[in-house]
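Participant: Turn this into a model:
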Amino acid sequence: MYKVFTYEEPITVLVVEDNDGDFILVEDYLHEKFKNIEIVRRKDFKGTVLGMEKNRSTFSAILLDIHLQDGSGLELIKKVLTYAKDIPILILTGYTDVSIAQLSLQLGVYDFLVKDELNPNLLYKSIVFAVNRRQFISQIESERSNFEDLFNFSPQPMWLLDAYNYNVLNANLSAIEKYGYALEEYKKMTYFELHPKEEVENIVKRLSNLQLQLANNNFTHFLKNGEQIKVDFYCKKVKGDTNGPERIIVQSNDITETLNHIQTIETQNKKLRNIAWTQSHEVRGPLARILGIIELIDGNDFDGEELPFWLKQLKISSNELDQIIHIIVDQTQTLNLKD
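Facilitator: The predicted structure follows:
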């Protein structure tokens with residue numbers, strides 16, 4: 001919140017006036033309304049420039065007579081504006097010229113005061129308004145600069161889009177570095193060009209209805225070098241400049257590694273399920289036969305050719321079990337649990 005200027009605060013006013021009588025009158029008005037004021041006088045444009053070059057930062061406002069010996073009218077106003085930069089300029093003139101008043105205000109002058117109509121209250125209000133307006137503009141510029149820094153230096157890629165046609169209006173440093181496109185290249189693109197064609201329909205739905213929750217927020221982005229990455233993105237509509245188009249800020253997160261990690265885990269889980277199925281089903285068959293044969297041999301007194309027959313069956317089932325165990329070991333070795 002900016003601080004509102006009051007008449008009790010110190011103020012320095014540069015009065016550019018070549019007429020002694022007019023200067024004395026203005027000086028009296030200023031001392032009457034401001035308790036702590038320093039008045040600096042210059043009589044011509046040349047002296048005004050020298051004064052501003054030495055003490056520009058100390059001036060709170062400039063009262064400018066636009067009819068000096070070395071300059072007048074709009075040309076003088078333009079020259080003084082160049083040197084004054086953001087110091088508020090209030091025009092003092094003995095002539096009521098509406099066209100000059102309008103043009104000077106368009107150039108950036110804060111007020112246009114006719115000397116014959118001037119009085120202490122009017123001069124005071126004009127100066128206070130100009131000083132407060134300057135502070136307010138400075139605050140807005142400072143906040144805009146802060147927001148631009150937050151946008152440009154965000155570690156996540158961000159784009160500013162035209163909300164009507166989704167053309168890229170701006171891209172932050174992270175988007176430029178990660179995707180490989182220069183800012184001027186981005187400004188010739190639409191946001192859709194970062195996506196494959198099959199995703200455009202869902203992108204349009206999401207950008208046109210920012211509250212829409214899609215079942216899958218994962219999309220593909222193309223980098224300039226042809227590499228593809230998986231991203232999720234978040235967007236918000238913001239106001240543009242006065243009478244300008246609405247805009248959308250889009251922020252993306254690279255989730256390629258996360259998805260790859262999830263895919264690795266799912267693949268490993270599938271292999272583990274196959275191993276478990278093998279253990280529970282394929283192992284059970286030969287093992288059951290082995291146990292049955294052993295029980296049969298243990299409970300009977302075989303003679304002749306019967307015992308060799310069952311021993312042969314026991315060997316066949318044991319070999320089958322051994323092969324299955326080898327398969328399980330091979331499947332286990334394909335797992336990379338470090339992933």
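Participant: Helices of the stretch 1-150 of the chain, residue ranges please.
Facilitator: Ranges of helices in the stretch 1-150 of the chain, per DSSP state H, counting those that start in this stretch, are 20-33, 45-55, 73-84, 98-107, 120-152.
Participant: Would you mind putting the ones you listed into TSV with mean neighbour count and distance to residue 321 alongside?
Facilitator: All C-beta spots, glycine's among them, are computed from the backbone N, C-alpha and C. Shown next, in TSV, are the helices of the stretch 1-150 of the chain (neighbours: other CB atoms under 10 Å; distance: least, CB to CB, whole Å):
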stretch	mean neighbour count	distance to residue 321
helix 20-33	15	107
helix 45-55	16	98
helix 73-84	17	96
helix 98-107	14	96
helix 120-152	14	66
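Participant: what pLDDT, on average, does the lengthiest strand in the chain get?
Facilitator: If you go by DSSP state E, the chain has its longest strand at strand 228-238. In this model, strand 228-238 has an average pLDDT of 88.
Participant: ditto for stretch 164-175
Facilitator: pLDDT averaged over stretch 164-175 gives 93.
Participant: how about the CA coordinates for it, as PDB?
Facilitator: In PDB, the C-alpha atoms belonging to stretch 164-175 read as follows (Å, rounded to 0.1, in the frame of the first residue of the first chain):
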ATOM      1  CA  TYR A 164      -9.200 -16.000 -27.600                       C
ATOM      2  CA  ASN A 165      -6.900 -17.900 -30.000                       C
ATOM      3  CA  TYR A 166      -4.300 -19.500 -27.600                       C
ATOM      4  CA  ASN A 167      -1.400 -17.800 -29.300                       C
ATOM      5  CA  VAL A 168       1.700 -17.700 -27.100                       C
ATOM      6  CA  LEU A 169       2.300 -14.100 -25.900                       C
ATOM      7  CA  ASN A 170       5.200 -14.800 -23.500                       C
ATOM      8  CA  ALA A 171       7.200 -17.600 -22.100                       C
ATOM      9  CA  ASN A 172       9.400 -17.700 -19.100                       C
ATOM     10  CA  LEU A 173      13.100 -18.500 -18.900                       C
ATOM     11  CA  SER A 174      12.400 -22.100 -17.800                       C
ATOM     12  CA  ALA A 175      10.200 -22.700 -20.800                       C
END
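Participant: any residues touching it, and which ones?
Facilitator: Stretch 164-175 has contacts (CB atoms under 8 Å, 6 or more residues apart in numbering) with 151-162, 181, 183, 186-187, 189-192, 204, 207, 245-248.
Participant: Tell me if I'm right that residue 163 and residue 250 touch.
Facilitator: No: judged on CB atoms under 8 Å, residue 163 makes no contact with residue 250 at a distance of 10.9 Å.
Participant: joint contacts of these two?
Facilitator: residue 207.
Participant: circling back: Throw the helices of the stretch 1-150 of the chain into CSV and include mean pLDDT, thanks.
Facilitator: CSV is the format used below for those (pLDDT from 0 to 100):
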stretch, mean pLDDT
helix 20-33, 93
helix 45-55, 87
helix 73-84, 91
helix 98-107, 85
helix 120-152, 90
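Participant: would you turn those into JSON lines with distance to residue 232?
Facilitator: Output for the helices of the stretch 1-150 of the chain, formatted as JSON lines (distance: least, CB to CB, whole Å):
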{"stretch": "helix 20-33", "distance to residue 232": "60"}
{"stretch": "helix 45-55", "distance to residue 232": "53"}
{"stretch": "helix 73-84", "distance to residue 232": "49"}
{"stretch": "helix 98-107", "distance to residue 232": "47"}
{"stretch": "helix 120-152", "distance to residue 232": "19"}
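Participant: Lovely, talk soon.
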